[in-house]
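>>> this one's structure only:
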C-alpha cells in the first residue's frame, strides 16, 4: 500500500444444484488438496446496485458430517493494518441445505447463530452436508481496502465481502460473479475477456484479487520481457487525452523496476486505476498480480496524472517487496487479531524509497525532483515531535493505530508517533548510499534486496499453504544486508532502525557528492525546511557513484 495520509500533493443466487456442481468442480481441479479439505464455492451478485448491497452465497461441503460449521468475516485485510471490522456491514445472514445432483430431497432451513462480532455458526447436525450460507454486505467506499457498489460500477476487495470457513482458509475455493446486464468484469486473474468463474488455491489468494465490474472502463496492454501488463482505466470525468501517455509511462516504470529485480514470476499483471473519483483521499494497494490505484483528481490534471504514476511506482515495487519478499507475519494471516510485525519500515518504507528512485531511473523525474522528494521525507521525520520518541521498528509494530485507523478517543499520536513509510524511506536512503560509498560502488541496497528475495522467497522451501518461500525475521534481513554489503551493519540497525538516533545524512550524502541543508520554515515557526544539493567540488568517484545510483542498472548482476 502507498502512504495516503501525507497531505502534500504535486435477490437470489444460482440454483442450489448449480452451485453444488461449481463447488465440486473447484475441488476436483485441485488434485493436491488434502482429503480433509472442504469444498467451498462463492457466488457474488449485485442485482440492485443503487442499494449498495452485494449479495454473497457461500456453498460449503465438509467431507464428513459436522455438528456445526463456523464462518468469519476478517477484522482487517492485508496491506492495510488498522482494524475495520468488516462484519459491521454484514446483514441478513441465512443458511439452508443443498441437495446433491439428482438427489430427491427438500431444502432445509438451518439455524445460524452469531457467536461474536465476526463469527457465525451454522448448525448442521440435523443435515448431512453440504449447505449454503447467504448474506448481504453494504458497500459504498471506493478504496484499496473497502468495496463499492452503485449505479455506475462495482468494485470489491475480497476481505471486505467474503467470509471464510474457520480452520479452512488453506482449502481450495471457487468464485463466480454474476454482473448486472451490460457490465464487464476485470481483475488480475483473468484468463479470458468474458470470464465469470475463478479457482483459487486458498482463501488468501481469492481476497488478493480486487475486481472492477462496470461498463465504462478501458483496457490497454504492453509487454516487457515476455510478460503482459494490462492498464485498466476507470476514468471518471474522462482521461483528458492522457491515456496513451499513461500507458507509455507505466511501461517505463515497469522496465526500470524489472531492470533492478529481474523478470517477475507471473505471466500477466493488471494496473487497476480509478481517476477523478473525488473524495478526501486517494489510495493504492498492492496484490500478487495486480494493484488497485484510486486518485481523486482527473487524469487530465497534473496532480491526477502524477498521482497515478507515483502510486504505480510504489505499488509495482511491492510485486517483490511485501507480496513475495515479506516479514514472517505477512501471510498467511490471523484475521481475528491485529497484525503485529516489526518489519514495515522495510516492507513499506524501503518501497517508498524505491518508488521515488524508480521514477528518476525511468526518466520521469530529473535529479532535482528526486532530491526534493527525499529532502521532504527527511523533513517529515526531523520536524516530527515523535521522531526522537518512536523508532522505525516500533512504528511498524503499532501500525494498527496509525494506518488510517479511526480514533474516537482523543490521542496524542501526532506528538508521539512517526510513519514507518517516512522513517523507513530515509533509513533506506542512508543505507543505500553508505553501502555504495563503503564498497566503491561494488554493492548497493539493490543487491541487498535481490539477495533477500532469492534467499527467503525464490530459494526457500514453502513454509505455509499461502505462498512459496517463507517470511523473514528482522535479524535475518539484517544479516542478509550485511552479507550483501560486505561489512557489519549491527550498529547501524541498532541506532537508526531499532533506536531513535538521527541518521548520518551528511556522511551518506557525501558518498555521492551531495549535502543536506536546512533553513527555518517561514510559514511554520519551529520547523525547518530541508534541501539536498550537489557539492560543487565532489570527487570523480562521488560523481560516478551518484550516476550509478540515479540511473540504476539495466540488468541484474
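In hand now; what should we look at? Because the structure is a prediction, the values reported are computed rather than measured. Numbers count the residues shown, from 1 in each chain.
>>> buried ones in stretch 377-393?
Buried residues in stretch 377-393, counted by 16 or more other Cβ atoms under 10 Å: 377-384, 386-387, 390-393. Bear in mind the C-beta positions are built from the backbone N, C-alpha and C, glycine included.
>>> Next, work out how far apart residue 268 and residue 291 are.
In this view, residue 268 and residue 291 are 13 Å apart by Cβ to Cβ, to the nearest Å.
>>> Tell me which of the two has more neighbours.
residue 291 (27 against 15; other Cβ atoms under 10 Å).
>>> Hmm, residue 82 is touching residue 76, no?
Yes - using Cβ atoms under 8 Å, residue 82 makes contact with residue 76 at a distance of 6.6 Å.
>>> which residues are in contact with both of the two?
Listed as contacting both residue 82 and residue 76 by Cβ atoms under 8 Å, 6 or more residues apart in numbering are residue 400.
>>> Helix, strand, or coil at residue 134?
Secondary structure for residue 134, judged by DSSP: H, G, I helix; E, B strand; the rest coil, is strand.
>>> give the contact list for it.
Per Cβ under 8 Å, 6+ apart, neighbours of residue 134: 13, 55, 56, 57, 58, 92, 93, 94, 95, 96.
>>> and if you look at residue 210?
Counting by Cβ under 8 Å, 6+ apart, residue 210 touches 144, 155, 156, 157, 158, 187, 188, 272, 285, 287, 290, 292.
>>> A strand includes the first one, no?
No - secondary structure of residue 144 (three-state DSSP): coil, not part of a strand.
>>> What's the separation between the closest residue to it other than its chain neighbours and residue 227?
Excluding its sequence neighbours, the residue lying closest to residue 144 (Cβ to Cβ, 6 or more residues apart in numbering) is residue 285, at 2.8 Å. For residue 285, the distance to residue 227 equals 21 Å [Cβ to Cβ].
>>> what's the answer for residue 127, then?
47 Å.
>>> and what of residue 343?
28 Å.
>>> Neighbour count: these two, which is higher?
Counted by other Cβ under 10 Å, residue 343 and residue 227 do not tie: residue 343 has more neighbours, with 27 against 16.
>>> Would you enumerate the residues in contact with the spatially closest residue to the more buried one that is not a sequence neighbour?
Of all residues not flanking residue 343 in the chain, residue 327 sits nearest, at 3.4 Å (Cβ to Cβ, 6+ apart). With contact set as Cβ under 8 Å, 6+ apart, residue 327 has these partners: 341, 342, 343, 344, 346, 347, 471, 472, 473, 474.
>>> again, but for residue 238
Contacts of residue 238 (Cβ under 8 Å, 6+ apart): 276, 298, 299, 300.
>>> who's residue 321 bridged to?
Per DSSP bridges, the residues bridged to residue 321 are residue 325.
>>> With residue 71 instead?
For residue 71, the beta-bridge partners are residue 120, residue 165 (DSSP bridges).
>>> That one touches residue 166, doesn't it?
Yes - contact criterion Cβ under 8 Å: residue 71 and residue 166 qualify, at 6.6 Å.
>>> so which strand or helix has residue 231?
Using DSSP states H and E, residue 231 maps to strand 227-235.
>>> Give me the spatial nearest neighbour of the residue nearest to the spatial centre of the chain, chain neighbours excluded.
What sits nearest the mean C-alpha location of the chain, by Cα atoms, centre = their mean, is residue 286, with 2.7 Å. Spatially, and ignoring its direct neighbours in sequence, residue 286 is nearest to residue 318 (3.4 Å; Cβ to Cβ, 6+ apart).
>>> Repeat that for residue 404.
Leaving aside its chain neighbours, residue 404 sits nearest to residue 82 (5.4 Å; criterion: Cβ to Cβ, 6+ apart).
>>> ok, now how distant is that neighbour from residue 75?
Counting by Cβ to Cβ, the gap from residue 82 to residue 75 is 10 Å.
>>> I'd like to know how far residue 289 sits from residue 499.
From residue 289 to residue 499 the distance is 38 Å (Cβ to Cβ).
>>> ok, those two, which is more surrounded?
Neighbour count, other Cβ under 10 Å: between residue 289 and residue 499, residue 289 has more, with 21 against 12.
>>> how about the more buried one, what does it touch?
Here residue 289 is in contact with 188, 189, 209, 266, 268, 269, 270 (Cβ under 8 Å, 6+ apart).
>>> what does the domain assignment say about this protein?
16-213, 218-317, 344-551 (automatic domain parsing).
>>> Mean pLDDT for the ones you listed - can I get that in a markdown table?
Converted to a markdown table, the domains of the chain look like this (pLDDT from 0 to 100):
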| stretch | mean pLDDT |
| --- | --- |
| domain 16-213 | 89 |
| domain 218-317 | 97 |
| domain 344-551 | 97 |
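>>> Please name whichever of those is nearest to residue 337.
domain 16-213 (7.5 Å; Cβ to Cβ).
>>> Among the buried residues of stretch 377-393, which ones are in helices?
Secondary structure defined by DSSP state H assigns 377, 378, 379, 380, 381, 382, 392, 393 of the buried residues of stretch 377-393 to helices.
>>> Quick check: which element contains the closest residue to the third one other than its chain neighbours?
What that stands for is residue 379. Spatial nearest neighbour of residue 379, chain neighbours left out: residue 530 (4.3 Å); criterion: Cβ to Cβ, 6+ apart. Following DSSP H and E, one finds residue 530 within strand 528-534.
>>> Pairing partners for that strand, with directions?
According to DSSP bridges, strand 528-534 forms sheet pairs with strand 514-520 (antiparallel).
>>> Tell me the spacing between residue 546 and residue 532.
11 Å.
>>> can you list residues touching both of these two?
residue 514.
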